[in-house]
Every structure is written in structure tokens, then in C-alpha cells.
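**Q** Based on what follows, work out the 3D shape:
(chains A and B)
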Amino acid sequence: MRNSLPIAALSEFVNEVTVTPEEAIMDYGVVLDWESGTRSRAETKPMRVGPHRVSRSFTWKADEPRQLMGNNHGPNPQELLLSGLGACMMVAFVAGASAEGIQLESLRIDMEATLDLRGFLGIGSNAPVGFPEIRYQIHVTADATPEQLAALHAKAVAHSPNAQTVLSPVALRGEIVSTRSDV
Amino acid sequence: MTDTKIRGDASSHGPHLTSGGWLNNLDRKRAAGPFLPGQGLPAAGPSSTAVHAGTHDDLLTGAVGTPIYQASTFLLGADQYGAIEQGFARDRFIYSRYGNPSQWAVQEKLAALEGAESAIVFSSGMAAITATVLALVDKGAHVVASADLYGGTYNLFNQEFPTFGMSATLVDPQDFAAIEAAIRPETQLMYFEAITNPLLKIIDIPRLADIARRHGLRLVIDGTFAPPIAMRALEQGADVVVHSASKYLNGHSDLIAGVAAGPRKLVDMIWPRLLNYGGSLDPHACFLLERGLKTLAIRMRAHEESAHALAQYLERHPRVTRVFYPLLDSHPDRAVARRLLKNGTGNVTFFVEGGDAAALALVNALRIPKQATSLGGVESLVSLPFNTSQASFTLRQRAAIGIHPGCVRLSVGIEDAADLIADFDQALARIHPAKEAENA
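**A** Numbers count the residues shown, from 1 in each chain, chains lettered A, B, ... in the order given. Below is the predicted model of the structure:
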């Protein structure tokens, strides 16, 4: 299979969703439990692929470096954000390449971003709280021209859910469920 | 010279590549199959389907019937290489573990009989069950299954599942509240048998399908005791139906095989498990199974005729305390059977006076039914749960699932009912000579 991706099955899924849009609805969830200090444990919830449930059962940790009062026991939330963004763009890039018949030899996305923590700390400045920009390079070896790969890059970003979530305003609808601990 | 010949399903092609477009331009759609080319059968009744569906006369010689393609591998050309590259190798002949014309022929016949888009044959019923279950679950998954399962399937859930980090809850297949209560967030699959063994409970598949649909689960039904002439599990709401084809489907007690049938989408998910686990069916066994299937409809009618008559005879016999046969008015699930079964089968379970010793004496005294495990063959087979299928249970454990002493498991073949009745008459008389004398 080209790029180990079954393009025939992807095509069948595309055409199934065209007729049955509910098959395209994916429900995701993760639960985060505070463990200690800056360290938390994340666990996937069962997801839904169309109308059907899929067991996930994956866990990972997030932490901050010691310099930021953590214990450096896991990637920090910003690194997890970058990996979620990069992995999503990679899926889009590989799917698009496979659909065009491009054979990939290697593919690497190198991502960086700079944060000014004055925003987090509440120290008066013009610094935004979040990343003002995310920089990345896609290193690719493939049987395609630079122009083809540039076009593929643009299409991958345009169709990557995580890239589009980062690029567009997204509503955060949260609530707090509180329990008063015994004094 | 480049060989571009299509060896496989000629209606299947890879998607056109999307030069300049995006994934929405991919144009390959899912279709029923894979099927051998030509000789398509118009809609037909079950007997015509059993005889003709999937059976392909040899185009080269005109030989009637599907030839036996006793080959492990196939000539390769550009078309097959393209199918591998694009991920539709299931639709081409490459290597017999992936697919073989003898497999395709019998798969097409089985799919037609089940009303399925696609089917895969396996080297045993358990190979079909294992590949199907493991295709439909993921890491950490949970399954809700029947507490009355066939022993091999029970072992899959009890012995193999924990090793994979998966779990199963076994529930009374007729307690719908308990089935629903057993569903967890990580549940992906419900697994039940259409008719249970040995007490022949008729499971209300449409109700199970309703529960599965409401919870976003897949429903797999083992239809071994209810082959397609008696019931089409997919029409009752199952997502996939599996069988031990060694039983009614083949019908001659001369091969071991299995099958999974359902929508192409799901059977295509099962196919990679066939490749990975390796339970493929040999071409010669495919020929035997295809040949056996041709008489499925007529055999099922004969099974019903003899089994129903024998069950009625046994029910009247003073030394028989209880008879379970789904077409008897005394059967606890008679109403469900009336709704779901289009034809009876050969399985009759009954209890004799005198407990397991009397039951053993009875089967030793019978001349026609052979004392052997299995079912669904043209010859009657008889066995006792206490020393075969439920031998590892204690007396009390057997009683808890309704297998009381004196339980006889009978698979009525297609012999004449009068001969079977005469045989049971002499055998029952021999095991109770004293009581017969008292009554004389």
C-alpha cells in the first residue's frame, strides 16, 4: 500500500460519508486528573466514529519543567498542543499525498513556538497570553516536484482540523462543578 | 510485454488519483463482493440460490460447476500490483491465503443465502469467530455476550480476552434489562447465538439489535444452529453473522470450516484479520462446502420433517420427561420461534427418566444416530452434555443452566422419521425393561 494508507478504503469512506453524513461525525473526549503540583494525567474517553463506539484506553502525563515549579515528568501543555497540531497536519499531508499518488520516503515536521510568560503571570505588558505564532518546517522526501509539495502543504493546512481550530476562533464552553471540602 | 489482465473482480477499480483536488475527488465506492465475473443470478428463492448463486461454470472448457482452483498462488501483473498499492488487494487473486476463486465461489453463495454484501470463509467456525470479534474491538474494549455461549467462544472471551487487555460480561441472553445494564462506556460489541446449545432457547435478535443500535454497538450473531434457510440473522438486525460451516451449512460431517457474512464495510475490516491470523480455507474444502450448500434448502426441510416428527413422538413417550424443539407448542420460546424461524432445524434436546445413566444406556441402545459430538449433518448424531460439552461442570452447575440429569442432545439428520421413531422406540424400551414390564 502506498504510504501504508489504504487509499481504496479512504475513497470508500469519502463516498459513504457523501451519502450518509452522520458517518463523518466524530465525538472525542479526554479526562484530565490533577496528580500533583503541575503534573496531570490525561486519559482518552471512548470515542464515536459515526454512530458507533470505539474503545480508546490511552493515557499520558503532562508536567512543567522544574524551573516552572514542576518535576519535568512529561511534555508540557504547549508541547502537547504543538504535537497535536503537527500530527493532525501530518495526517492531512499523508492522506493528500496518497490520494495524488505521491510516494513519501520520509516526512518530518519540526515545530517551534515562543511564549512570553508575562501574560500567564499577569505582569502588565502587551504580551499575548497565548502563542503569537507557531513556526514549523515540513521536511519531506518524495517523488514529487517542489510545486506539487507546496500545493499539498496548502491543502493539508486548509483541511487539517487542528490547524483550522488554531487559526479560527473557537468557543470554550466550560462550567465548574464544585464540591466544598469539609473544614 | 506488460500484463494488465484483471484477475479477480473486474467491477472493482482503484480510485482515480486527485491531481490538484482533494480527498472529496476520490471516486471509488464500496460495492458488494468480491465476486467472480459473469453468470450473475437474478433474485431467486432459497433453493435456487443454494444451487446456483456463486457457482461459476468454467469459461475455458464449459465444465458445469465451479472448478477446484487448487493453487496457492497466482500469476501477477500490473493490475494486481496496482491493487496492492491502492489497498484493494481483496478484489484480486494474489495468493490463496488472501483469496482464491474456490473461496470466492462459496463466499458468493453464502453471501446470497444470508442476504449479505460480502462473506469470508475460514478454516473453522472458531477462526471466523475470532477474526470477526477481534476486527470489531479495540484496545481496552469490552464485549457483552451470552452466558449460554458455545465452549470455544467462551474460551475466547475467558482465556484470550484478558491477555489482550479486553473484557467480556456474560449475561442471560433473554434478560434484556441485564444485557443493557452490562453495557459500559468502553463496550463495543454484543455477541450472541441465534439458538442456544443445548436447551435451544430462541434469542430475540431484533430486541438485541435495538439495544445495540441505541448504544452505538455492533451486534454479532452466531447462526450455527439457525442457518439461513431457517433464519437470516442480518435481516433480524445483526451487523455480522458467523457460522461454524462444519454443521448445517456443509451438512455432511466431512469438513471443518467457518464463515462471516455482513455488509462489505465490516467484512473488509474482518479480511485483514484473516490475513493476520491465517485461518484461510483450502480450495478443496471450499469445493466440498459449495457442493454441500447446494442442498441446504432441501436438507433443512428434511431435518425439520424428521426432527419435528421425532420430537412429537418423544413428547408423548412416558419415559421422556421433557422435550425441547422450537416448533413444539410446549417450547418456552414458541412465540419468538414463530416470529424468527422460517424453517425448523434438526436439533432436539430431551430428558429421560433415570438420569444420566439412563441417558447413556439410551444412546448406547440407539442404532441409527451415531454417538458423536457436532450437529447439522445428514446423519443423526447424539451426545450427552454431562460427559461431553458440559463435562467440566458439576451436577449443580449443569442444573443451574437447565441441564438436568438425563439430558440428551440430538441432532436429527435427514433419515426417514419412521425409521428414527422405530429406533428410539426400541432403545427406550430396552433401557426401561422393568417399568415396561410393570406397565404391560
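**Q** Residue 130: neighbouring residues, count only.
**A** This is for chain A. A:G130: 13 surrounding residues under other Cβ atoms under 10 Å in any protein chain shown. C-betas here are computed from N, CA, C, even on glycine.
**Q** Please refer instead to chain B.
**A** For B:T130, using other Cβ under 10 Å, the count is 22.
**Q** Ramachandran angles for A:A144?
**A** The phi and psi values for A:A144, taken as degrees, to the nearest 10, are phi -140, psi 160.
**Q** Neighbours of the spatially closest residue to it that is not a sequence neighbour, how many?
**A** Nearest residue to A:A144, sequence neighbours excluded (Cβ to Cβ, 6 or more residues apart in numbering or on different chains): A:I102, at 4.6 Å. Applying other Cβ under 10 Å, we find 21 other residues in the vicinity of A:I102.
**Q** A:I102 against A:T145, yeah?
**A** No: A:I102 is beyond contact range of A:T145, at 9.9 Å (criterion: Cβ atoms under 8 Å).
**Q** mind listing the helices for chain A?
**A** Under the criterion DSSP state H, chain A contains helices at A:7-19, A:77-99, A:118-121, A:146-159, A:161-167.
**Q** is chain B contacted by the last one?
**A** No: using Cβ under 8 Å from any Cβ of the partner chain as the criterion, no contacts between helix A:161-167 and chain B are found, and the smallest distance is 13.1 Å.
**Q** give me every residue that touches residue 50.
**A** I'll assume chain A. Counting by Cβ atoms under 8 Å, 6 or more residues apart in numbering or on different chains, A:G50 touches A:T20, A:E22, A:E23, A:A24, A:I25, A:M26.
**Q** please go with chain B instead
**A** Residues near B:A50 by Cβ under 8 Å, 6+ apart: B:K109, B:L113, B:I229, B:L293, B:K294, B:T295, B:L296, B:A297.
**Q** State the distance from it to chain A.
**A** Per Cβ to the nearest Cβ, to the nearest Å, B:A50 is found 30 Å from chain A.
**Q** what's the helix or strand for that residue?
**A** Here B:A50, judged by DSSP states H and E, is contained in helix B:46-52.
**Q** average pLDDT for that helix?
**A** Averaged across helix B:46-52, pLDDT comes to 94.
**Q** got the buried residues for the following helix or strand past that helix?
**A** Note on helix B:46-52: by DSSP H and E, the next helix or strand toward the C-terminus is helix B:78-86. For helix B:78-86, a neighbour-count test (16 or more other Cβ atoms under 10 Å in any protein chain shown) marks B:D79, B:Q80, B:A83, B:E85, B:Q86 as buried.
**Q** repeat for stretch B:179-196
**A** For stretch B:179-196, using 16+ other Cβ under 10 Å, the buried residues are B:179, B:182-184, B:186-196.
**Q** returning to what we had before: per-stretch mean pLDDT over the helices of chain A, give me the minimum one.
**A** If these are sorted by mean pLDDT, helix A:118-121 sits at the bottom with a mean of 93.
**Q** just checking, what packs against that helix?
**A** Helix A:118-121 sits against no helix or strand, with contacts defined as 3 or more Cβ pairs under 8 Å, 6 or more residues apart in numbering or on different chains; DSSP states H and E.
**Q** Residues contacting it, please?
**A** Contacts of helix A:118-121 (Cβ under 8 Å, 6+ apart): A:G124, A:S125, A:A127, A:P128, A:V129, A:G130.
**Q** hang on, the earlier thing: please point out which parts of the helix holding B:A50 sit buried.
**A** So, applying 16+ other Cβ under 10 Å, buried residues of helix B:46-52: B:P46, B:S47, B:T49, B:A50, B:V51, B:H52.
**Q** Which helix or which strand is home to the closest residue to B:P283 other than its chain neighbours?
**A** Nearest residue to B:P283, sequence neighbours excluded (Cβ to Cβ, 6+ apart): B:S102, at 3.7 Å. Using DSSP H and E, B:S102 sits within helix B:101-114.
**Q** chain center to that helix: distance?
**A** Its chain's average C-alpha position is 14 Å from that of helix B:101-114, according to Cα atoms, centre = their mean, to the nearest Å.
**Q** Show me what that helix packs onto, helices and strands only.
**A** Using 3+ Cβ pairs under 8 Å, 6+ apart: helix B:101-114 touches helix B:46-52, strand B:118-122, strand B:258-262, helix B:283-293.
**Q** Near the residue of the stretch 301-440 of chain B found nearest chain A, how many other residues are there?
**A** Closest residue of the stretch 301-440 of chain B to chain A, Cβ to the nearest Cβ: B:L340 (24.7 Å). Residues near B:L340, counting by other Cβ under 10 Å, number 23.
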